[in-house]
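Trainee: model the following, please.
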Amino acid sequence: MKKIFFFTFIIQILIFVTIFLRTEDLSLLSYINNSFVYGGILLFFGLWVFVVRTGVFDIFTASMRKAFKLKSTLEEDEMRSPSEALGFSSAPLLITGTITLLVMVICLVIYSI
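Mentor: Predicted coordinates:
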């Protein structure tokens, strides 16, 4: 749980640094725009890691290895599948992206009032 709050805090700092580096005024609208981008990117990569780790692409990879077996110099046992190659969990990315997008939605509701 500490790791999630730490990642969320780092993302919030990156959002404010981005606002100041882009020479925008510090406003609620610029925060909403930047947090949407960061939250969307985190959520996209988290979902991508989740899909790869479930083993969806393992069958495709195994069939491509069999199809191009003549060109490969490595044995099938020497190559890892994509689900084994990713050594980290998608949960921190998904939770941090979701928290960032929830804060963005709350700010959007406040902005629209």
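Trainee: quick one: residue 105 from residue 39, how far?
Mentor: 9 Å (C-beta to C-beta, to the nearest Å). Every C-beta, even on glycine, is put in place using the N, C-alpha and C of the backbone.
Trainee: which residue is the nearest non-sequential neighbour of residue 18?
Mentor: Nearest residue to residue 18, sequence neighbours excluded (C-beta to C-beta, 6 or more residues apart in numbering): residue 34, at 5.1 Å.
Trainee: neighbour count: residue 105 and residue 39, which is higher?
Mentor: residue 39 (22 against 14; other C-beta atoms under 10 Å).
Trainee: which ones are touching that one?
Mentor: Residues in contact with residue 39, defined by C-beta atoms under 8 Å, 6 or more residues apart in numbering, are 11, 97, 98, 100, 101, 104.
Trainee: pipe these into JSON lines and attach secondary structure and distance to residue 91 per row.
Mentor: What follows is the contacts of residue 39, written out as JSON lines (DSSP: H, G, I helix; E, B strand; the rest coil; distance: C-beta to C-beta, whole Å):
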{"residue": "11", "secondary structure": "helix", "distance to residue 91": "15"}
{"residue": "97", "secondary structure": "helix", "distance to residue 91": "11"}
{"residue": "98", "secondary structure": "helix", "distance to residue 91": "10"}
{"residue": "100", "secondary structure": "helix", "distance to residue 91": "15"}
{"residue": "101", "secondary structure": "helix", "distance to residue 91": "16"}
{"residue": "104", "secondary structure": "helix", "distance to residue 91": "20"}
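Trainee: mind giving me the PyMOL command for buried ones among the residues you listed?
Mentor: Those of those that count as buried under 16 or more other C-beta atoms under 10 Å are selected in PyMOL with:
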select buried, resi 11+97+100+101+104
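Trainee: and the contacts of residue 39, which is closest to residue 45?
Mentor: Using C-beta to C-beta, residue 97 comes nearest to residue 45 of those, at 8.0 Å.
Trainee: my read is that that closest one contacts residue 50, right?
Mentor: No: between residue 97 and residue 50 there is no contact under C-beta atoms under 8 Å: 11.4 Å.
Trainee: excluding chain neighbours, what is closest to residue 51?
Mentor: That would be residue 57: by C-beta to C-beta, 6+ apart, it lies 7.9 Å from residue 51.
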